[in-house]
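*Asks:* Return atomic coordinates for the entry below.
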Amino acid sequence: MPDGFVFPPAADGAGAARLLQRLRLRHLSCFVAVAQERNLGRAAERLHLTQPAVTKTLNELEALAGIRLVNRGRRGAHLTPAGEHFLRHAVAVTDAMGSAASALAGADTPSAPVRVGALPTVASVLLPEAITRLRVAHPGVDVRVVTGSNDVLVAAVRAGELDLALGRMAEPDTLQELAFELLYTESLALIVRPGHPLAAAGAPAPVPAVLDYPLVVATAGTVPRHHTETLFRRHGLRLPPGCVETLDVTLARTLTRRGDAVWFTPERVPQTDLDDGTLVRLPQPTPGTAEPVGLFKRTTGESSTAVEEFVSILRDAADY
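*Replies:* Purely as a prediction, here's the structure:
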């Protein structure tokens, strides 16, 4: 099939009508799941289908359209330009069907969105799995995610602008009308690419040796940055000039994968990369850097069913 997307002539309504007669909601739901999951296996799990069934449905859709919508390969599934163009229309239809189903089930008004805040270094740890599971239980509920500093997130929860926030334990005097629930505790980790000279020995390297390599650290004023500086001070050292300071997990991950940088980060942040072997953790002890991560919620007012279920999902996701 050609990869370019070609619209039929505007006057040719007969072709569009024939396509509409043969197009089914299962085609659109399958396409949206594959587009969002970027993986046929995960899409199959989400739809409670087998992977061959997902492939068959996707092939049917592409045959109907006469165009390739998804490129499938060893690295996953990726939309073609035609697929990207089609996605927004497919999502609009599936969302509309979800709303229609809710209305028929007795939901007279749209469900309120779940508004969640998270530190950048926490968002990638819990939210992907939690949001995926929430959408299975409440497919018609929007999830709005805001990232920011701990102080900003706490203030937003207190003001009612967020339903909950994932962050690090705050000072007691900032928790008026709020409750903090511990989800997990994590320490600082030193992360490098496979084959990095510091990883070759298989044993902790002298901390001064780390200074021979580029460092990726958290921005000033954050807890991970404080722990990084404390770790160096314990060895009579200071952070050298030339560090990359960022809270952007994608940037830090990419810099570490592509060179000899050493990434100082809370230990759960790169877990996916450690699991698939694209990054490794140095066996460097980091005593005294453990920090509690948890959930901020208001102590007054009622939460929606979706928010309460999301909280339950977050607790389960944190317990591994």
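
*Asks:* and the residue minimising distance to the centre of the chain, what element?
*Replies:* The geometric centre of the chain, computed from its C-alpha atoms, lies nearest to P128 (CA atoms, centre = their mean), at 3.8 Å. P128 is located in helix 120-137, with elements delineated by DSSP states H and E.

*Asks:* Now for the protein, the helix or strand with the poorest mean pLDDT.
*Replies:* Counting by mean pLDDT, DSSP states H and E, the weakest-scoring helix or strand in the chain turns out to be helix 13-22, with a mean of 72.

*Asks:* The residue lying closest to V136 once chain neighbours are set aside: what's it in contact with?
*Replies:* The spatial neighbour of V136 that comes closest, neighbours along the chain excluded (CB to CB, 6 or more residues apart in numbering), is R46 at 7.0 Å. All C-beta spots, glycine's among them, are computed from the backbone N, C-alpha and C. With CB atoms under 8 Å, 6 or more residues apart in numbering as the criterion, the residues that contact R46 are A33, E37, T132, V136.

*Asks:* Tell me the secondary structure at the nearest residue to the third one once chain neighbours are set aside.
*Replies:* Think T132. For T132, ignoring the flanking residues on the chain, the nearest one in space by CB to CB, 6+ apart is R46 at 7.3 Å. Assigned state for R46: helix (three-state reduction, DSSP: H, G, I helix; E, B strand; the rest coil).

*Asks:* Need the pLDDT of R46.
*Replies:* Listed pLDDT for R46 reads 88.

*Asks:* any idea how far it is from V32?
*Replies:* The span separating R46 from V32 equals 10 Å under the rule CB to CB, to the nearest Å.

*Asks:* Could you do Q176 as well?
*Replies:* The gap separating Q176 from V32 is 43 Å, by CB to CB.

*Asks:* So for the two, which residue has more residues nearby?
*Replies:* When Q176 is set against V32 and neighbours are counted by other CB atoms under 10 Å, the residue ahead is V32, at 20 against 9.

*Asks:* Same question for stretch 59-75: list its buried residues.
*Replies:* Taking 16 or more other CB atoms under 10 Å as the neighbour-count basis, stretch 59-75 is seen to contain the buried residues E60, L61, E62, A65, I67, R68, L69, V70.

*Asks:* So the third one is in contact with L79, correct?
*Replies:* Right, E62. No. Taking CB atoms under 8 Å as the definition, E62 is not a contact partner of L79, at 11.8 Å.

*Asks:* Tell me where the stretch 101-250 of the chain has strands.
*Replies:* For the stretch 101-250 of the chain, applying DSSP state E, counting those that start in this stretch gives strands covering 114-118, 143-147, 164-168, 178-186, 188-192, 215-217, 244-245.

*Asks:* can you give me the angle the longest helix belonging to the chain makes with helix 120-137?
*Replies:* For the chain, the helix with the greatest residue count under DSSP state H is helix 81-104. Using axes from the mean of the first three to the mean of the last three CA atoms, to 10 degrees, the interaxial angle of helix 81-104 with respect to helix 120-137 works out to 60 degrees.

*Asks:* Domain map for this protein?
*Replies:* Using automatic domain parsing, the domains assigned to the chain come out as 13-104, 114-185+292-318, 188-289.

*Asks:* Can you name the residues that contact T219?
*Replies:* R225, E245, T246, L247.

*Asks:* Count residues in the vicinity of H89, would you?
*Replies:* 10.

*Asks:* and the gap between it and R315?
*Replies:* 37 Å.

*Asks:* By neighbour count, which bits of the longest helix of the chain are buried? Give me those.
*Replies:* Neighbour-count burial for helix 81-104 [16+ other CB under 10 Å]: A82, G83, F86, L87, A90, T94, G98, S102.

*Asks:* cool, and stretch 157-164?
*Replies:* For stretch 157-164, burial by neighbour count (16+ other CB under 10 Å) applies to V157, R158, L162, D163, L164.

*Asks:* Could you list the buried residues of stretch 211-228?
*Replies:* Buried residues in stretch 211-228, counting neighbours by 16+ other CB under 10 Å, are found at P214, L215, V216, V217, A218, T222, V223, P224, R225, H227, T228.

*Asks:* In space, what's closest to the first one - neighbours in sequence excluded?
*Replies:* Looking back up the chat, that one is P214. A261 (4.3 Å).

*Asks:* picking that back up, Serialize the buried residues of stretch 157-164 to CSV and add fields for pLDDT and distance to T256.
*Replies:* What follows is these, written out as CSV (pLDDT from 0 to 100; distance: CB to CB, whole Å):
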residue, pLDDT, distance to T256
V157, 90, 32
R158, 87, 36
L162, 92, 31
D163, 93, 34
L164, 94, 31
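
*Asks:* possible to save these as TSV with distance to S187?
*Replies:* Formatted as TSV, the buried residues of stretch 157-164 follow (distance: CB to CB, whole Å):
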residue	distance to S187
V157	26
R158	29
L162	27
D163	29
L164	24
